[in-house]
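Colleague: Using only what follows, build the 3D model:
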Amino acid sequence: MACPTSSATEATPLSKHPATTTTSTSRTRRMTRRLRLPIALALSIAIALALLFLRDSTRRQISYTPTIRQDAVENITPQKTVMSPPSPSFYLPALNANEILRRSSNTGLRWGILGLGRIAHDFTSALVVSGCNVTAVASTSSIRAESFAQHFSIPIHYDSYEALASDPNVDIVYVATTNQNHRMPTVLMLQHGKNVLVEKPTSVRYADTKSMFEEAQKKGLFLMTNHWTRFFPLIKFLRRTFLTNGAATSDYETQDSRMKLRLKPKNHDFYLGKVLAMHGDFSFPTPLSPSDRFLNRTLGGGVTLDVGCYLIELALLAAYDHYKSTSASRRLLNNGHTMSDASTRLFPDGIDASGHGIMYNGLEFPVDVESSFTLRWGGGNYGVWNGECANSDDGDSKCETISVGGKTTKTIESTETDREKENKFTMISSFQASFRRPSTFEVEYVFEYGRVVLHGPGNCPNEMTVYEHEPYGPLKRETKVSYPLPPIKDKLSKRYGTPYYPRAEGFAYVIDAIEKCMAEKGVPGREESVKLIDGGCLELEENTIDEQLVTVQITEDVLKDMGYF
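Modeller: Numbers count the residues shown, from 1 in each chain. I've put the predicted structure just below:
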């Protein structure tokens, strides 16, 4: 009976074990429920602190200056938008060939082509596809003239420039000879009463350019350089943003219609402030052919004359509000040049350039193969100051005279009014051009509160990106702006072969501007009963004579600084 008793005494604690386990589990569950909320709060606080740390770290990385107030950049996230700007009558967002055709039929403007190379092929293609009237072509080679005329179904061809000049059925001549031979045929056409559109550069030397425009003025005829970049709708939109965001003075409002472009486009209110700097690189590898015009000095070769002039032209767009510069005026007068006040205002205060003619494998050519130059408007170098006031005995913080290089000189006191100081144009532009390497062909304008990048090719652009920044702060908004090109590219290729130059359809913008001006004001030099308005179409607002003169003068000075002139 011992065993049962023993078994009964041991069964008691064994029967209580399940109850003990249940009680322990319940306690654990109750403690877990009590701790769940504190643990969640602790985790939330830890995550929040980590996020704050990361945000502060990022904020420190993107801040431009350590003095910026952090609350000024809170809740800023860059916005990316794609925009097609509005198109007032001054702009042509999508030029239709039928529009040019209607204007051409209204004016009956008769075109002649002189110099029948690659660029003439592309320009004539745009003329014919746009429905313009091309009546004659001329070349010193009768075979080339006949072949060119047959290719474009042009009725008349000449083997001399004089014959084209004497043709009474030609109103305007497109001169597309090589660079060194622009002046002679242009003056010949003007002397015979023909209006002229001459390919860029106007000429190699400023003196020749000046004489060409003087001849046009004497004859009362139209003369313009084919600076086609200025006629692209994107560039016109860009010019308006310059004039809007720059500090144009009130007296500009009455000068001419160009200044009316200061009006801001509706729904697209950019404010970038004044333009301060500019950068650009136009480079492409050219074939190693000494007989080609690119590397031939006798044909006006060299990268500055070929594509560097585009960069100079784009810089002048930004310099449009530049005031008359005393140093620039003195410099031009000392060189025997006389230019209008507008030209003087546009001319830079400083030019610095360098270049060389070394191509692949160390071969050297007598032209600038590589070109680098800077243009400066405003400012100047007043020497090195050693930090000593020459009249500092009284402890006055204002130095009337300072010690510069061991010599005592007076500090420069501006005589400009507050308004003039506020509106003074100062910009440094740095450019490169090369025949030895590729590039993006992009151009960047840098403003007080942002940047504008013209996407390549920058000499015939249809897209740009606007980067707007907070004052002294991070990127606020990024906007892409684009305009469609004239829808004639397929027709150009199908009818006349692939163009030699990119976006050759853009020539239609220049053609349309000329046809429109001739239709509205009349064709200079033509004997007609209709009275001409202001002497007829003598100048286009997109490309003034002053700007063309300054472009050639700057180009010549850049080449002089390199040692090529």
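Colleague: Count residues in the vicinity of Lys560, would you?
Modeller: 12 (other C-beta atoms under 10 Å). Any C-beta I mention is one placed from the backbone N, CA and C, and that applies to glycine too.
Colleague: give me the element it is part of.
Modeller: helix 545-562 (DSSP states H and E).
Colleague: what helices or strands is the strand or helix carrying Gly355 leaning on?
Modeller: Here Gly355 sits within strand 350-356, counting by DSSP H and E. Other elements packing on strand 350-356 under the criterion 3 or more C-beta pairs under 8 Å, 6 or more residues apart in numbering; DSSP states H and E are strand 370-377, helix 545-562.
Colleague: Helix 545-562 and that one, what's the angle between them?
Modeller: Calculated by axes from the mean of the first three to the mean of the last three C-alpha atoms, to 10 degrees, strand 350-356 forms an angle of 50 degrees with helix 545-562.
Colleague: Run me through the strand neighbours of strand 350-356, direction for each.
Modeller: The strands beside strand 350-356 in its sheet (DSSP bridges) come out as strand 370-377 (antiparallel).
Colleague: neighbouring contacts of the strand it pairs with?
Modeller: Residues outside strand 370-377 that contact it (C-beta atoms under 8 Å, 6 or more residues apart in numbering): 302-304, 308, 312, 315, 319, 322, 325, 348-358, 425-436, 554, 558, 561-562.
Colleague: CA atoms of the strand holding Gly355 as PDB?
Modeller: Output in PDB follows, covering the C-alpha atoms of strand 350-356 (Å, rounded to 0.1, in the frame of the first residue of the first chain):
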ATOM      1  CA  GLY A 350      38.000  93.900 -72.200                       C
ATOM      2  CA  ILE A 351      39.100  91.100 -74.700                       C
ATOM      3  CA  ASP A 352      41.600  88.400 -73.900                       C
ATOM      4  CA  ALA A 353      42.300  85.600 -76.400                       C
ATOM      5  CA  SER A 354      44.700  82.800 -77.100                       C
ATOM      6  CA  GLY A 355      44.800  80.100 -79.800                       C
ATOM      7  CA  HIS A 356      47.000  77.900 -81.900                       C
END
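Colleague: ok, and for the helix holding Lys560, which residues are buried?
Modeller: 545-559, 562 (16 or more other C-beta atoms under 10 Å).
Colleague: Just the helices from the stretch 51-200 of the chain, written as ranges.
Modeller: 97-107, 118-129, 142-152, 161-165, 183-191 (DSSP state H, counting those that start in this stretch).
Colleague: ugh, wrong one, the stretch 351-500 of the chain
Modeller: So, for the stretch 351-500 of the chain - with DSSP H, counting those that start in this stretch - the helices run 418-423, 489-496.
Colleague: pLDDT of the shortest one, averaged?
Modeller: So the one you mean is helix 418-423. For helix 418-423, mean pLDDT is 55.
Colleague: pLDDT weak spots in this protein?
Modeller: Judged by pLDDT under 70, the chain has its weakly predicted residues at 1-33, 51-107, 242-268, 320-343, 380-424, 528-531.
Colleague: ok, back up a step: need the helices of the stretch 51-200 of the chain in JSON lines (columns: distance to Ala176 and mean neighbour count).
Modeller: Formatted as JSON lines, those follow (distance: least, C-beta to C-beta, whole Å; neighbours: other C-beta atoms under 10 Å):
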{"stretch": "helix 97-107", "distance to Ala176": "19", "mean neighbour count": "18"}
{"stretch": "helix 118-129", "distance to Ala176": "4", "mean neighbour count": "22"}
{"stretch": "helix 142-152", "distance to Ala176": "11", "mean neighbour count": "16"}
{"stretch": "helix 161-165", "distance to Ala176": "12", "mean neighbour count": "19"}
{"stretch": "helix 183-191", "distance to Ala176": "10", "mean neighbour count": "21"}
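Colleague: possible to save those as TSV with distance to His469?
Modeller: As requested, these are exported to TSV (distance: least, C-beta to C-beta, whole Å):
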stretch	distance to His469
helix 97-107	39
helix 118-129	39
helix 142-152	50
helix 161-165	54
helix 183-191	46
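Colleague: Any idea which of the ones you listed gets closest to Val443?
Modeller: helix 118-129 (21.5 Å; C-beta to C-beta).
Colleague: just checking, what packs against the closest one?
Modeller: In terms of contacts (3+ C-beta pairs under 8 Å, 6+ apart), helix 118-129 is packed against strand 110-114, strand 133-138, helix 142-152, strand 172-175, helix 489-496, helix 507-521.
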